[in-house]
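J.: Let me see the structure of the following:
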Amino acid sequence: DCEIVIISPWISDVTTHTSGWSESAISSSFDLHGGGSIESLSDVLGRLVKLGYDVTVVTLSTTGKWLPKARNKHLDRERQFMKKVSNLGVTCKLRNNIHKKYVKTPFTTFSGSLNISFNGLSGRTQEGADLFFKPFHEQDYKQRKQGVDATLVGAKDYFSANISRCTYYSNFHCNTLRI
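T.: This is a model prediction of the structure:
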(Lines give C-alpha, C1' and ligand atoms only; values in the text may rest on other atoms or scores of the structure.)
Protein backbone atom coordinates (compact mmCIF):
# COMPACT_ATOMS: atom_id res chain seq x y z
CA ASP A 1 0.00 0.00 0.00
CA CYS A 2 1.69 3.16 -1.21
CA GLU A 3 -1.37 5.38 -1.00
CA ILE A 4 -1.69 8.62 0.94
CA VAL A 5 -5.06 10.39 0.97
CA ILE A 6 -5.93 13.74 2.50
CA ILE A 7 -9.60 14.71 2.70
CA SER A 8 -10.55 18.15 3.98
CA PRO A 9 -13.34 20.58 3.15
CA TRP A 10 -10.80 23.42 2.93
CA ILE A 11 -7.14 23.11 2.05
CA SER A 12 -4.32 25.46 1.11
CA ASP A 13 -0.55 25.46 0.97
CA VAL A 14 0.20 25.80 4.66
CA THR A 15 3.77 26.84 5.35
CA THR A 16 5.94 25.84 8.27
CA HIS A 17 6.17 29.53 9.11
CA THR A 18 2.40 29.97 9.48
CA SER A 19 1.53 26.51 10.81
CA GLY A 20 3.71 26.31 13.88
CA TRP A 21 5.34 23.12 12.56
CA SER A 22 9.10 22.87 12.75
CA GLU A 23 10.69 23.12 9.30
CA SER A 24 13.79 21.28 10.53
CA ALA A 25 11.71 18.43 11.99
CA ILE A 26 9.76 17.97 8.75
CA SER A 27 12.85 18.32 6.53
CA SER A 28 14.80 15.84 8.64
CA SER A 29 12.14 13.23 7.91
CA PHE A 30 13.21 13.35 4.27
CA ASP A 31 16.99 13.76 4.72
CA LEU A 32 17.65 10.15 3.71
CA HIS A 33 15.71 10.71 0.50
CA GLY A 34 17.24 13.78 -1.09
CA GLY A 35 17.04 16.18 1.82
CA GLY A 36 16.58 19.84 1.14
CA SER A 37 14.31 22.42 2.60
CA ILE A 38 10.64 21.65 3.06
CA GLU A 39 8.68 24.79 3.78
CA SER A 40 5.07 23.92 2.93
CA LEU A 41 2.47 21.21 2.58
CA SER A 42 3.01 21.18 -1.19
CA ASP A 43 6.72 20.49 -0.60
CA VAL A 44 5.82 17.50 1.60
CA LEU A 45 3.30 16.09 -0.87
CA GLY A 46 5.65 16.58 -3.81
CA ARG A 47 8.44 14.79 -1.96
CA LEU A 48 6.11 11.89 -1.13
CA VAL A 49 5.23 11.53 -4.83
CA LYS A 50 8.96 11.46 -5.68
CA LEU A 51 9.38 8.67 -3.12
CA GLY A 52 6.78 6.58 -4.97
CA TYR A 53 3.59 7.26 -3.02
CA ASP A 54 0.25 7.75 -4.77
CA VAL A 55 -0.97 10.96 -3.15
CA THR A 56 -4.57 12.13 -3.45
CA VAL A 57 -6.13 15.30 -2.04
CA VAL A 58 -9.93 15.59 -1.88
CA THR A 59 -11.69 18.80 -0.94
CA LEU A 60 -15.24 20.14 -0.76
CA SER A 61 -16.83 21.29 -4.02
CA THR A 62 -18.54 24.64 -4.48
CA THR A 63 -21.85 22.84 -4.93
CA GLY A 64 -23.75 20.52 -2.68
CA LYS A 65 -27.05 20.41 -0.90
CA TRP A 66 -25.75 20.78 2.65
CA LEU A 67 -22.25 22.21 2.47
CA PRO A 68 -21.64 24.44 -0.54
CA LYS A 69 -18.26 26.13 -0.52
CA ALA A 70 -18.26 29.90 -0.91
CA ARG A 71 -16.27 31.50 -3.71
CA ASN A 72 -13.83 33.79 -1.91
CA LYS A 73 -10.13 34.36 -1.17
CA HIS A 74 -9.89 30.97 0.55
CA LEU A 75 -11.08 29.28 -2.63
CA ASP A 76 -8.48 31.24 -4.63
CA ARG A 77 -5.72 29.99 -2.30
CA GLU A 78 -7.09 26.45 -2.55
CA ARG A 79 -7.05 26.54 -6.38
CA GLN A 80 -3.44 27.80 -6.38
CA PHE A 81 -2.46 24.98 -4.02
CA MET A 82 -4.28 22.33 -6.06
CA LYS A 83 -2.63 23.53 -9.30
CA LYS A 84 0.77 23.44 -7.63
CA VAL A 85 0.44 19.94 -6.17
CA SER A 86 -1.17 18.61 -9.35
CA ASN A 87 1.95 19.73 -11.23
CA LEU A 88 3.96 17.74 -8.67
CA GLY A 89 2.00 14.55 -9.42
CA VAL A 90 -0.70 14.68 -6.74
CA THR A 91 -4.21 13.57 -7.75
CA CYS A 92 -6.67 16.36 -6.93
CA LYS A 93 -10.39 15.69 -6.46
CA LEU A 94 -13.65 17.35 -5.39
CA ARG A 95 -16.52 15.89 -3.39
CA ASN A 96 -19.88 17.34 -2.42
CA ASN A 97 -20.94 17.60 1.23
CA ILE A 98 -17.81 16.57 3.11
CA HIS A 99 -16.92 18.00 6.49
CA LYS A 100 -14.89 15.32 8.25
CA LYS A 101 -11.14 15.40 7.80
CA TYR A 102 -9.14 12.27 6.98
CA VAL A 103 -5.49 11.49 6.48
CA LYS A 104 -4.80 7.92 5.42
CA THR A 105 -1.29 6.54 5.02
CA PRO A 106 -0.07 2.96 4.70
CA PHE A 107 0.67 3.07 8.45
CA THR A 108 -2.02 5.16 10.10
CA THR A 109 -5.37 6.87 9.77
CA PHE A 110 -6.26 10.23 11.25
CA SER A 111 -9.88 11.34 11.19
CA GLY A 112 -12.28 13.69 12.88
CA SER A 113 -13.70 17.17 12.84
CA LEU A 114 -10.45 18.69 14.10
CA ASN A 115 -8.89 21.26 11.80
CA ILE A 116 -5.39 20.16 10.91
CA SER A 117 -3.89 23.56 11.61
CA PHE A 118 -1.86 25.17 14.36
CA ASN A 119 -5.02 26.35 16.14
CA GLY A 120 -6.73 22.99 15.70
CA LEU A 121 -3.79 20.91 16.84
CA SER A 122 -2.68 23.20 19.67
CA GLY A 123 -5.90 22.68 21.59
CA ARG A 124 -7.43 26.09 21.03
CA THR A 125 -10.61 24.47 19.73
CA GLN A 126 -12.72 21.71 21.22
CA GLU A 127 -12.77 19.45 18.16
CA GLY A 128 -12.12 15.73 18.26
CA ALA A 129 -9.96 13.39 16.22
CA ASP A 130 -8.89 9.75 16.16
CA LEU A 131 -5.44 8.45 15.33
CA PHE A 132 -5.06 4.72 14.65
CA PHE A 133 -1.86 2.87 13.82
CA LYS A 134 -2.35 -0.10 11.52
CA PRO A 135 -0.19 -2.59 13.48
CA PHE A 136 -1.83 -1.77 16.83
CA HIS A 137 -5.40 -0.82 15.86
CA GLU A 138 -6.03 -2.96 12.79
CA GLN A 139 -9.84 -3.00 12.98
CA ASP A 140 -10.12 0.75 13.62
CA TYR A 141 -7.61 1.42 10.83
CA LYS A 142 -9.71 -0.67 8.41
CA GLN A 143 -12.91 1.14 9.38
CA ARG A 144 -11.36 4.58 8.80
CA LYS A 145 -9.86 3.35 5.52
CA GLN A 146 -13.38 2.33 4.43
CA GLY A 147 -14.55 5.88 5.17
CA VAL A 148 -11.75 7.24 2.98
CA ASP A 149 -12.57 4.76 0.20
CA ALA A 150 -16.28 5.69 0.34
CA THR A 151 -15.40 9.36 -0.03
CA LEU A 152 -13.14 8.62 -3.00
CA VAL A 153 -15.92 6.73 -4.79
CA GLY A 154 -18.01 9.88 -5.19
CA ALA A 155 -15.11 12.24 -5.87
CA LYS A 156 -14.54 13.94 -9.23
CA ASP A 157 -11.41 15.35 -10.81
CA TYR A 158 -10.71 18.81 -9.37
CA PHE A 159 -9.88 20.48 -12.68
CA SER A 160 -12.01 18.79 -15.32
CA ALA A 161 -15.11 17.69 -13.45
CA ASN A 162 -18.42 19.02 -14.66
CA ILE A 163 -20.55 19.40 -11.59
CA SER A 164 -24.26 19.76 -12.13
CA ARG A 165 -25.74 22.81 -10.48
CA CYS A 166 -29.39 23.76 -10.62
CA THR A 167 -30.08 27.41 -11.03
CA TYR A 168 -33.42 28.93 -10.24
CA TYR A 169 -33.77 30.66 -13.58
CA SER A 170 -36.35 29.66 -16.18
CA ASN A 171 -38.30 27.08 -14.19
CA PHE A 172 -35.38 25.47 -12.36
CA HIS A 173 -33.42 24.85 -15.54
CA CYS A 174 -30.23 22.86 -14.79
CA ASN A 175 -26.96 24.10 -16.17
CA THR A 176 -23.51 22.59 -15.97
CA LEU A 177 -20.98 24.81 -14.28
CA ARG A 178 -17.28 24.27 -14.88
CA ILE A 179 -15.21 25.22 -11.85
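J.: Contacts only, for D54.
T.: 2-4, 91 (C-beta atoms under 8 Å, 6 or more residues apart in numbering). Backbone N, C-alpha and C define where each C-beta goes, glycine included.
J.: Now with 7 Å, please.
T.: Contacts here follow C-beta atoms under 7 Å, 6 or more residues apart in numbering; on that basis D54 touches 2-3.
J.: That one pairs with what?
T.: E3 (DSSP bridges).
J.: Quick check: it vs N97, distance?
T.: From D54 over to N97 the distance is 25 Å, taken as C-beta to C-beta, to the nearest Å.
J.: What of R79?
T.: In terms of C-beta to C-beta, R79 sits 20 Å off from N97.
J.: Same check on C2?
T.: C2 is 29 Å from N97, by C-beta to C-beta.
J.: So between those two, which is more surrounded?
T.: Using other C-beta atoms under 10 Å, the more surrounded residue of C2 and N97 is N97, with 14 against 11.
J.: Please enumerate the strands of this protein.
T.: 3-8, 54-60, 91-95, 101-104, 108-112, 129-133, 156-157, 162-166, 174-178 (DSSP state E).
J.: Would you format those as JSON lines with mean pLDDT and distance to Y141 included?
T.: Formatted as JSON lines, those follow (pLDDT from 0 to 100; distance: least, C-beta to C-beta, whole Å):
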{"stretch": "strand 3-8", "mean pLDDT": "94", "distance to Y141": "13"}
{"stretch": "strand 54-60", "mean pLDDT": "94", "distance to Y141": "18"}
{"stretch": "strand 91-95", "mean pLDDT": "94", "distance to Y141": "22"}
{"stretch": "strand 101-104", "mean pLDDT": "91", "distance to Y141": "9"}
{"stretch": "strand 108-112", "mean pLDDT": "88", "distance to Y141": "5"}
{"stretch": "strand 129-133", "mean pLDDT": "86", "distance to Y141": "5"}
{"stretch": "strand 156-157", "mean pLDDT": "93", "distance to Y141": "27"}
{"stretch": "strand 162-166", "mean pLDDT": "44", "distance to Y141": "32"}
{"stretch": "strand 174-178", "mean pLDDT": "42", "distance to Y141": "37"}
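J.: which residues sit in contact with the nearest residue to G89 once chain neighbours are set aside?
T.: Distance criterion C-beta to C-beta, 6 or more residues apart in numbering; nearest residue to G89, sequence neighbours excluded, is V49 at 3.9 Å. Neighbouring residues of V49 by C-beta under 7 Å, 6+ apart: 55, 88-90.
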